[in-house]
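**Student:** mind looking at a prediction? Sequence and model below.
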Amino acid sequence: MKRIPVFRPHPLARLVAAGIVAAGLAACATRPPASNPIAVAAYEEANDPLEPFNRAMFKVDAGLDTLLVRPIIKGYRVIVPENARPHVSNFVDNFRSPITLANDLLQAEFGRAGITLGRFVVNTGVGFFGFFDVGEKIGLAYHSEDFGQTLARWGVPDGPYVYVPLLGPMSFRDGTGFGVDAFLVDPVAWYGRGDGSMAWVQWANFGAVYVTTKDSFIDPLDELKKSSLDYYAALRSSYRQIRAKEIRNGAPPPMEDFDE
């Protein structure tokens, strides 16, 4: 009898779901009284009703960063020479192209979808599975899309801010998006599902994405920490600005944002 494959969620989906559930169970910060409009405005702008819980998770993440993440990144940098790391990142980005392609199509960005598909074909066939970004050299510029961006383009509000240890800052909308991409969209994760013998593919995929992403962000985050009076607030603000720019596909903010 043919064995029915067991459907297993991607490790990233598990981590995101766990973080969001934990945040949802946490106690919310008290909203300032209406008699203090300045405090109310700051509260609404931050959109961080879980701030006490988030700051606690931020401290947990700092400990994990010291004990676990930085030693891994240090080992990665020892094993992989500096001039080879961009090629590793290219390889990882190339095999995440189907996620970008799916979200390009869901956003009706058909021109960008054509670029994504062209990059994947060229970089896989000519660029040695993506280690070399041939697409960039022939005018097919890299971009990434995820389901969190798609939800934003569909008009779904971002929801409260949440900080998930090991994963970092996100909104409820982006946490949902990450889970959908990892659980339903990522073909590498689908390949890793089945009777369990290929489960290592899920973890290898997650590990490669995680390490290359952390490697690219660790130095800028250190600089942000050095220049910030409140690193938590500075990181929250930077995350929102970057995500807003990604959702606009790099376009400048609308004029009403400048007016505000």
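**Tutor:** That came in fine, so what should we check first?
**Student:** so residue 170 sits in a helix?
**Tutor:** No. In this structure, residue 170 is strand, not part of a helix, as judged by DSSP: H, G, I helix; E, B strand; the rest coil.
**Student:** quick check: beta-bridge partners of it?
**Tutor:** Judged by DSSP bridges, the bridge partners of residue 170 are residue 162.
**Student:** quick check: it touching residue 160?
**Tutor:** No. The pair residue 170 and residue 160 does not pass the contact test of Cβ atoms under 8 Å, sitting 10.3 Å apart. Yep, even glycine has a C-beta here, placed from its N, CA and C like the rest.
**Student:** pick out whichever of those two has more residues nearby.
**Tutor:** Using other Cβ atoms under 10 Å, the more surrounded residue of residue 170 and residue 160 is residue 170, with 24 against 19.
**Student:** contacting residues for that one?
**Tutor:** By Cβ atoms under 8 Å, 6 or more residues apart in numbering, the contact set of residue 170 is 16, 148, 161-164, 178, 239.
**Student:** for those, which one is nearest residue 130?
**Tutor:** Checking the contacts of residue 170 against residue 130 by Cβ to Cβ gives residue 178 as the nearest, at 21.6 Å.
**Student:** what is the subsequent helix or strand relative to the host helix or strand of that closest one?
**Tutor:** Per DSSP states H and E: residue 178 is located in helix 172-180. Sequence-wise, the next helix or strand downstream of helix 172-180 (DSSP H and E) is helix 187-192.
**Student:** if you count neighbours, what's buried in the helix or strand that comes right after that following helix?
**Tutor:** Reading on from helix 187-192 to the C-terminus, the next helix or strand found by DSSP H and E is helix 199-226. By neighbour count on 16 or more other Cβ atoms under 10 Å, the buried set for helix 199-226 is 201-202, 205-206, 208-212, 214-215, 221.
**Student:** ok, then the element right after helix 199-226?
**Tutor:** Using DSSP H and E, the helix or strand that directly follows helix 199-226 along the chain is helix 231-247.
**Student:** list the helices and strands that next one packs on?
**Tutor:** helix 51-64, helix 147-153, strand 161-164, strand 168-171, helix 199-226 (3 or more Cβ pairs under 8 Å, 6 or more residues apart in numbering; DSSP states H and E).
**Student:** show me the contact partners of that helix.
**Tutor:** With Cβ under 8 Å, 6+ apart as the criterion, helix 231-247 contacts 46, 48, 54-55, 58, 144, 148-149, 152-153, 158, 161, 163, 168-171, 174, 221, 224-225, 227-228, 253.
**Student:** from those residues, list the buried ones, please.
**Tutor:** Buried members of the contacts of helix 231-247, scored by 16+ other Cβ under 10 Å, are 46, 48, 54-55, 58, 148-149, 152-153, 158, 161, 163, 168-171, 174, 221.
**Student:** so which residue is smack in the middle of the protein?
**Tutor:** In the chain, the residue lying closest to the centroid (Cα atoms, centre = their mean) is residue 178, at 6.7 Å.
**Student:** touching, that one and residue 147? I think so.
**Tutor:** Yes. When contacts are counted by Cβ under 8 Å, residue 178 is listed as touching residue 147 (7.5 Å).
**Student:** pLDDT below threshold where in the protein?
**Tutor:** Judged by pLDDT under 70, the chain has its weakly predicted residues at 1-46, 192, 194-197, 255-260.
**Student:** switch the cut-off to 90
**Tutor:** The chain contains residues with pLDDT under 90 at 1-47, 182-184, 187-206, 250-260.
**Student:** thanks a lot, catch you later.
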